[in-house]
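Visitor: Attaching a predicted model along with its sequence, questions to come.
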Amino acid sequence: MTLAGAEENEWDIEEDNDLLGFVLSTPGIVTYGDSFRFFIPKEESKSCDQIGIYFSFFSKDVKELAQKTLIPLDITYHFDYKNEGPADFQYFSSAKVWVRSEIKIIPGSITVMTFERGFPYEAIVTEFGEVEKITIKLVSPKEDAETDYKPEDYFDIDYNSWRLDGLIEQLDKLIAMCKASN
């Protein structure tokens, strides 16, 4: 199967006057329309020091899932580092994310997921500064989870990767844009 993805890293910075505030995004490698975004929420834009993270996955009909917004979904992720560790070293971890919204497109939807809280700039630099690529995979919850959600019921492709090279430089531009608006 051939997938439409980004051939090289692309960054887009914009001000979303309606909802999000200031947004930095990069398209998916596996599915180009799925974006990984860093944002400074409107309510934080006076200080410009809390950065949220959200990402999207193209989905099938997710009416049931969209009705359960703010439910935690399990993901696994790994980082491919630029110059750290052996060539095949990858850091694996897991986290919970929350479904925030569904954007209807034809055919299907884009499901937007976010981490529970924002992060200070320094934490983003520490966590992502040397990361070349992040891959996120949606996974079925453990038996004791709050939901019986199964990714394959909602998503044709349950993973995506995004290039993060140049992230810190782009974040600095995002923060400068935020501060200039105050």
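Guide: That came through fine. A quick note: this is a predicted structure, and the numbers were derived from the prediction, not measured. Residues are numbered from 1 along each chain as shown.
Visitor: alpha carbons only for contacts and neighbour counts from here, please
Guide: Will do.
Visitor: in stretch 169-182, what's buried?
Guide: Residues 170-171, 174-175, 177-178 are the ones in stretch 169-182 that count as buried (16 or more other CA atoms under 10 Å).
Visitor: Could you list which of these belong to helices?
Guide: Within the buried residues of stretch 169-182, residues falling in helices by DSSP state H are 170-171, 174-175, 177-178.
Visitor: Adding distance to E132, write these out as a markdown table.
Guide: Formatted as a markdown table, these follow (distance: CA to CA, whole Å):
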| residue | distance to E132 |
| --- | --- |
| Q170 | 14 |
| L171 | 15 |
| L174 | 19 |
| I175 | 21 |
| M177 | 24 |
| C178 | 25 |
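Visitor: Strands along the chain, start to end?
Guide: 12-16, 21-27, 35-40, 50-59, 72-81, 91-105, 108-114, 119-120, 131-139, 159-163 (DSSP state E).
Visitor: bridging residues for the residue nearest to V23 when sequence neighbours are not counted?
Guide: Distances taken as CA to CA, 6 or more residues apart in numbering put F39 closest to V23, at 4.4 Å, once the chain neighbours are dropped. Note on F39: beta-bridge partners by DSSP bridges are V23, G52.
Visitor: Wait, F39 touches L20, no?
Guide: Yes - using CA atoms under 8 Å, F39 is in contact with L20, at 6.9 Å.
Visitor: Tell me which of those two has more neighbours.
Guide: A direct count of neighbours by other CA atoms under 10 Å for F39 and L20 places F39 higher, at 27 against 17.
Visitor: Please report how far the more buried one lies from G108.
Guide: Going from F39 to G108 by CA to CA, to the nearest Å gives 25 Å.
Visitor: Relative to D153, how far out is P27?
Guide: Separation of P27 from D153 (CA to CA): 24 Å.
Visitor: T111 too?
Guide: The value you get for T111 to D153, if CA to CA is used, is 13 Å.
Visitor: distance of E169 from S161?
Guide: 20 Å.
Visitor: Let me fix that, I meant to ask about S35.
Guide: If you go by CA to CA, the gap between S35 and S161 works out to 9 Å.
Visitor: Find residues that contact each of these two.
Guide: The contact sets of S35 and S161 overlap at G28 (CA atoms under 8 Å, 6 or more residues apart in numbering).
Visitor: low-confidence ranges in the protein?
Guide: Applying pLDDT under 70 to the chain flags residues 1-8, 17-19, 44-45, 61-102, 104, 106, 116, 141-148.
Visitor: if we go to 50?
Guide: 1-6, 69-70, 85-92 (pLDDT under 50).
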